[in-house]
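**Q** Kindly return the folded structure for what I paste below:
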Amino acid sequence: LIAGGFGVGKTTMVGAVSEIRPLRTEEYLTAASIGVDDVDGVADKATTTVAMDFGRITISTGLVVYLFGTPGQERFWFMWNDLVHGALGAVVLADTRRLQSSFGSIDFFESRGIPFVVGVNCFDGRQERTVPEVREALDLDPQVPILMGDLRKRADSRDLLLALVDHLMAEQPVAAG
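**A** Residues are numbered from 1 along each chain as shown. Okay, the predicted model is just below:
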């Protein structure tokens, strides 16, 4: 599951790493969203995800990763409860210009005990805050991985997903042999 606030790059990340043409449910923003959707910091954004984004990565014949990008606006959060079924973990995307938009996603996964990593989308390579500053601002536990990157780049998005896999493996208790 790839989650985060409005305009942080969820659709972009799914598109960057999916081996298939992603399913996107983007619609144009209309006058009806004025006063409902917070476009502060993303005033040039013209579209929004209204259901989900879907992509796929095949690891091997028996192992496929399905990517579900959530809608970012609070009015669509009711869908998250359905999207989270079967999820092993999540990626929470953040934009340092609007860190407050990440709190809802973080609270959602923490309250359900779902492991997650945080990806700070450094648009155009701009890194406006350090990892410790982001950790403190988001009040994250020390074990939650944070990665910085431009999620339009396939390698940066891939690295974020690999960090989630590493985090999930570290969370699993070692079986006694």
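**Q** After the helix or strand of the chain with the lowest mean pLDDT, which helix or strand is next?
**A** Here the helix or strand of the chain ranked lowest by mean pLDDT, DSSP states H and E is strand 47-49, holding a mean of 60. Using DSSP states H and E, the helix or strand that follows strand 47-49 in sequence is strand 53-60.
**Q** what ranges do the strands span in the chain?
**A** 2-4, 26-28, 47-49, 53-60, 63-69, 90-94, 116-121, 146-149 (DSSP state E).
**Q** can you redo those strands as a markdown table with distance to residue 109?
**A** The C-beta positions use only the backbone N, C-alpha and C, and glycine is treated the same way. What follows is the strands of the chain, written out as a markdown table (distance: least, C-beta to C-beta, whole Å):
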| stretch | distance to residue 109 |
| --- | --- |
| strand 2-4 | 8 |
| strand 26-28 | 24 |
| strand 47-49 | 18 |
| strand 53-60 | 18 |
| strand 63-69 | 13 |
| strand 90-94 | 5 |
| strand 116-121 | 5 |
| strand 146-149 | 14 |
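**Q** can those strands go into a markdown table with extra columns for distance to residue 136 and mean neighbour count?
**A** Shown next, in a markdown table, are the strands of the chain (distance: least, C-beta to C-beta, whole Å; neighbours: other C-beta atoms under 10 Å):
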| stretch | distance to residue 136 | mean neighbour count |
| --- | --- | --- |
| strand 2-4 | 18 | 28 |
| strand 26-28 | 33 | 11 |
| strand 47-49 | 29 | 18 |
| strand 53-60 | 30 | 15 |
| strand 63-69 | 27 | 17 |
| strand 90-94 | 13 | 27 |
| strand 116-121 | 12 | 25 |
| strand 146-149 | 11 | 20 |
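**Q** Next one: residue 146 from residue 101, what distance?
**A** 16 Å (C-beta to C-beta, to the nearest Å).
**Q** show me where pLDDT drops low in the protein?
**A** 25-51, 73, 75, 124-125, 173-177 (pLDDT under 70).
**Q** let's see 80
**A** 22-52, 71-80, 83, 123-127, 172-177 (pLDDT under 80).
**Q** Which stretches in it count as helices?
**A** Secondary structure of the chain, counting by DSSP state H: helices at 10-17, 80-83, 103-112, 131-138, 154-171.
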